[in-house]
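Novice: Sequence and predicted model, in that order:
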Amino acid sequence: MDKIQITSEQLTDIRKTFDFGFGEIIVYEPTQKMIDEYYDFIESINNNVGISGVDLIKTLIPLFTNLEISEEFLEENAYKLVDEPPLWLRKVQSEVSVIVNELSVLKVMSLKNTINQVSILDNLSEEDIKKYKNIDLKSVESKMSMLDIGKEKKIKDLEAEIEKLKGWLKW
């Protein structure tokens with residue numbers, strides 16, 4: 001069995017590579033910076049109903065791959081890329097969709113954990129809180145009521161985000 005020599009290049013967390021004759025397209029395993037940029041992108045479009053396949057190609061493909069797509073090229077070819085994507089783009093989109101799904105699941109799990117932590121706080125009595133925490137009860141009550149409001153909003157936001165992600169995975 002042949003051994004594979006580990007080099008510093010392998011520390012770049014390459015998820016998948018595609019060789020299409022015109023060059024090698026690399027899909028990267030998301031770094032924390034990429035994840036943060038992705039969540040910022042999602043947050044920025046939460047209020048924007050008119051997200052298009054072009055916006056996704058402009059943002060997500062360059063974020064998770066080594067592809068650079070110039071504005072000039074997109075202006076001339078954007079709708080062709082969206083309406084009739086070449087095979088190489090379909091393969092890259094498929095892999096990026098997997099990443100988006102994984103990041104969405106992580107976000108859902110994070111929100112679920114936050115909600116569970118809030119639920120645990122909801123079940124504590126005032127006496128338990130006094131006993132185990134040296135805090136002001138009025139402050140706790142106001143924080144808990146804010147968390148309840150935040151919990152409902154997060155659930156609604158999460159449901160909306162899941163619906164948007166389902167739509168994106170079809171591009």
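Specialist: The structure has been received and is ready for your questions.

Novice: Where does the prediction get shaky in this protein?
Specialist: The model of the chain has pLDDT under 70 over residues 1-12, 46-52, 116-154, 164-171.

Novice: now the strands for it?
Specialist: 14-19, 24-28 (DSSP state E).

Novice: what angle do the longest one and strand 24-28 make?
Specialist: Just to be clear, that refers to strand 14-19. Inter-element angle recorded for strand 14-19 and strand 24-28: 160 degrees (by axes from the mean of the first three to the mean of the last three C-alpha atoms, to 10 degrees).

Novice: now the strands of the chain in a markdown table, with mean neighbour count?
Specialist: C-betas here are computed from N, CA, C, even on glycine. As requested, the strands of the chain are exported to a markdown table (neighbours: other C-beta atoms under 10 Å):
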| stretch | mean neighbour count |
| --- | --- |
| strand 14-19 | 13 |
| strand 24-28 | 17 |
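
Novice: And the ones you listed: which comes nearest residue 45?
Specialist: Across those, residue 45 has its closest neighbour in strand 24-28 (21.8 Å, C-beta to C-beta).

Novice: list the helices and strands the closest one packs on?
Specialist: strand 14-19, helix 87-123 (3 or more C-beta pairs under 8 Å, 6 or more residues apart in numbering; DSSP states H and E).

Novice: Residue 81 is nearest to which of these?
Specialist: helix 87-123 (6.3 Å).

Novice: mind listing what's buried in that closest one?
Specialist: 88-89, 91-93, 95-97, 99-100, 103-104, 107, 111, 115, 118 (16 or more other C-beta atoms under 10 Å).

Novice: Compile the helices and strands packed on strand 24-28 into TSV and extend it with columns for distance to residue 65.
Specialist: Below are these laid out as TSV (distance: least, C-beta to C-beta, whole Å):
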stretch	distance to residue 65
strand 14-19	9
helix 87-123	6
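
Novice: Now distance to residue 45 too, for the strands of the chain, in a markdown table please.
Specialist: Shown next, in a markdown table, are the strands of the chain (distance: least, C-beta to C-beta, whole Å):
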| stretch | distance to residue 45 |
| --- | --- |
| strand 14-19 | 24 |
| strand 24-28 | 22 |
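
Novice: closest one to residue 74 among these?
Specialist: Using C-beta to C-beta, these put strand 24-28 closest to residue 74, at 17.0 Å.

Novice: could you dump that closest one to PDB, C-alpha only?
Specialist: Only the C-alpha atoms of strand 24-28 are listed here, as PDB (Å, rounded to 0.1, in the frame of the first residue of the first chain):
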ATOM      1  CA  GLU A  24      -8.800  22.400 -11.200                       C
ATOM      2  CA  ILE A  25     -11.700  23.800  -9.100                       C
ATOM      3  CA  ILE A  26     -11.300  23.400  -5.400                       C
ATOM      4  CA  VAL A  27     -14.100  23.400  -3.000                       C
ATOM      5  CA  TYR A  28     -12.900  24.200   0.500                       C
END
